[in-house]
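> here are the coordinates; sequence isn't available:
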């Protein structure tokens, strides 16, 4: 009998399979690439030649088979605009997006957990209320608004930070903060609530009653049990971050895959768009899978319940 | 503490860009996905080629008229109406060190004339349709032969599409080092080499490009040691990057941002009227738009001066006909092809039997500066004369669609002759005619008389006749020549030169200084 994790893993693979097929047909349904990527006013003869050079005059089924074959051989084709391998285009851009993700995740977790903890322990006083107000503001502010406010303050007025680009680590600071903001807010709220929930449990009273010092009560017994909802949130937030990175990268002109996917969607650059969507699906599916495995590591009951 | 740290950090990053006055960073709205002057007439590409490539014949770009100057050819002579011979400059080096030879010149044209890729075939049709052959006479002489008499040898050999590229370098890029394969052209697009004053030392398609001064350049050495182009698509980000000192110059500043930049004492705005027309054109093959009187009425219903005042602060230029100052002797100032006359428009509508049905006006949301706003204003102007229009905003190029009715477009000047602007779109085989207009049987002969006559007076007269026919048929309406603005730091001295085609970023000697 399959256990929970094996089923999850198979589910993840099936999801990817559906994405791979759906993205091919969805991109084709969205319009003919030739109507978008050739300069307005190109003559018909050149247009026809270009269409056949790009293989877009082939029957859809042939194109699909070619695409599937490419997936297995690692040949994802050439970008219709840049005429170079899609893999090479992403290889140039993926590091920037991953750097941005890493900064944002680190920022959100490193600040969110202590702040959530502090808010739980200081509930009812001004300090706790201040943290929670901040979290609500962070949660409610649309990221493009936050991005533009930050650019106005730190670049336009104070000249402290570069407004755009991805040349040095400092260029990633503002985009990472904007990307992290809603996640930070969520982590603060959820870790506070989870901790409050756990703090009222009987086993904590027992722990205190047997004379454990307070830092061990909170740090060992409470935090570990409060961690499960927080891990769930992290998993969901990675998916959310993929959505937000599209906006963040285009506002800050970060040369990452979000920016690339937007432009390939507008320009109907099928090969680039396809690979981008598959890559994003892969990131989301993998992070959900990691969350599933993390549950099992944190809470032995997950495994037991499954089998 | 944090503040000091951040300031130091920020200053150190900023100083990098402003460290040497011999370098400059430009924030551009768009960068091309590939580079090859022989394949490309796009606005994106036009920004780049002039710094890296030379054509055989150059010209004085500081003025609108055509004063040709020696480029890679030191002398030229028209042997007969169909033959043109050039003498090549000696000792010209490509940026990779190769010496330019007559073989390179012949090859540069043959790749286009022999349609070696679909894009070359397109340039062949649009620019060099009349060219029959190019041959090497001796090491320093190359001869061009055309099918019909050619009045435009100098103009055509001056185009960016006629830039000279290194044959051996291209052949050696992929596969067999000695033969030209299609993959060689693909590889060249990512690592282009020319004879111009700046070598492209780094190119990430659509992202950034670095020009480095080419010390082996045959002419005056480049003005700057290094120029970096960075694509910053968002306008607000581009303006901020300029205000923040991250870039020294930005392109594509729309009229509503001129004050934001102009009011900053460290910055300034420079611009010019571009040799490019924003137009609207009708699908005359759509039964709803087939009546020329309806099209004339729609043309007369547009108050172009009001558009200029409201959208461009009167900085754009509203022409009477399809003609640019850059045409020199052929600049047409007398024809009145397009005019505003709402009363006459109403009469024409009645004569055309317009029944009040809705006319669909297609526009891209952002492609043309002020394009959507102009469409909305025209919608209101047409309502004044009793025409109902609805605006269809789409990023799709609907030009060739059978159900297209009206849409906006631009007619750039690809080379400084009516053939290089009006002709590319509206000659019998032009892309506009191909999409949306079927001229009468007499038109091809009239066009040929204009295009291939070597007598200037005949050409002038023929062009007037063509404009009279356009006035009658009204397949399109020229709105205006937009005013293109650039924002830059006060210590940068640069301006777009009137002798260029639109969007050229000319950083050659004498064109730019950075203090």
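Great, that's in hand. Quick caveat, the model's predicted, so the values are computed rather than measured.
> Next up, the contacts around residue 43.
Reading this off chain A. By C-beta atoms under 8 Å, 6 or more residues apart in numbering or on different chains, the residues touching residue A:43 are B:122, B:125, B:126, B:429, B:431, B:434. In this view, the C-beta of every residue, glycine as well, is placed from N, C-alpha and C.
> if you could check chain B rather than the one you did, that'd help
Contacts for residue B:43 were tallied using C-beta under 8 Å, 6+ apart; they are B:30, B:412, B:502, B:503.
> residues in contact with residue 169?
All of this refers to chain A. Taking C-beta under 8 Å, 6+ apart as the contact definition, residue A:169 lies against nothing.
> Can you look at chain B instead?
Going by C-beta under 8 Å, 6+ apart, the list of residues near residue B:169 reads B:94, B:96, B:98, B:188, B:193.
> pretty sure the first one contacts residue B:166?
The one in question is residue B:94. Yes. Between residue B:94 and residue B:166 there is a contact under C-beta atoms under 8 Å: 4.4 Å.
> Please enumerate the strands of the stretch 201-350 of chain B.
In the stretch 201-350 of chain B, strands defined by DSSP state E, counting those that start in this stretch lie at B:208-213, B:226-231, B:249-253, B:267-273, B:276-282, listed in chain order.
> so which of the ones you listed comes closest to residue A:197?
Ranking those by distance to residue A:197, with C-beta to C-beta as the measure, places strand B:226-231 first at 49.0 Å.
> can you tell me if the closest one touches chain A.
Yes. Residues of strand B:226-231 are located near chain A by C-beta under 8 Å from any C-beta of the partner chain, namely B:230, B:231.
> Paired strands for that strand, with orientation please.
Strands that pair with strand B:226-231, judged by DSSP bridges, come out as strand B:23-28 (parallel), strand B:208-213 (antiparallel).
> picking that back up, state the pair within the contacts of residue B:169 that is farthest apart.
Taking C-beta to C-beta, the two most distant members of these are B:98 and B:188; they sit 13.5 Å apart.
> more crowded one of those two?
When residue B:98 and residue B:188 are compared for neighbours, residue B:188 comes out ahead with 23 against 16, by other C-beta atoms under 10 Å in any protein chain shown.
> next one: the host helix or strand of that one to chain centre, how far?
Here residue B:188 sits within helix B:182-190, counting by DSSP states H and E. Centroid separation between helix B:182-190 and its chain, computed with C-alpha atoms, centre = their mean, to the nearest Å, is 23 Å.
> Now stretch B:128-144: average pLDDT?
When pLDDT is averaged over stretch B:128-144, the result is 97.
> and if you look at stretch B:104-122?
In this model, stretch B:104-122 has a mean pLDDT of 95.
> quick one: is that stretch near chain A?
Yes. Looking at stretch B:104-122 against chain A by C-beta under 8 Å from any C-beta, the contacts come from B:117, B:118, B:119, B:121, B:122.
> Which members of those are classed as buried?
Of the members of these, the ones counted as buried by neighbours, 16 or more other C-beta atoms under 10 Å in any protein chain shown, are B:117, B:118, B:119, B:121, B:122.
> burial count for residue B:99?
The burial count assigned to residue B:99 is 12, neighbours taken as other C-beta under 10 Å.
> Could you check how far the residue nearest to it when sequence neighbours are not counted is from residue B:57?
Here the nearest residue to residue B:99 in space, its sequence neighbours aside, is residue B:93; by C-beta to C-beta, 6 or more residues apart in numbering or on different chains that works out to 6.1 Å. Plainly put, residue B:93 is 19 Å away from residue B:57 if you go by C-beta to C-beta, to the nearest Å.
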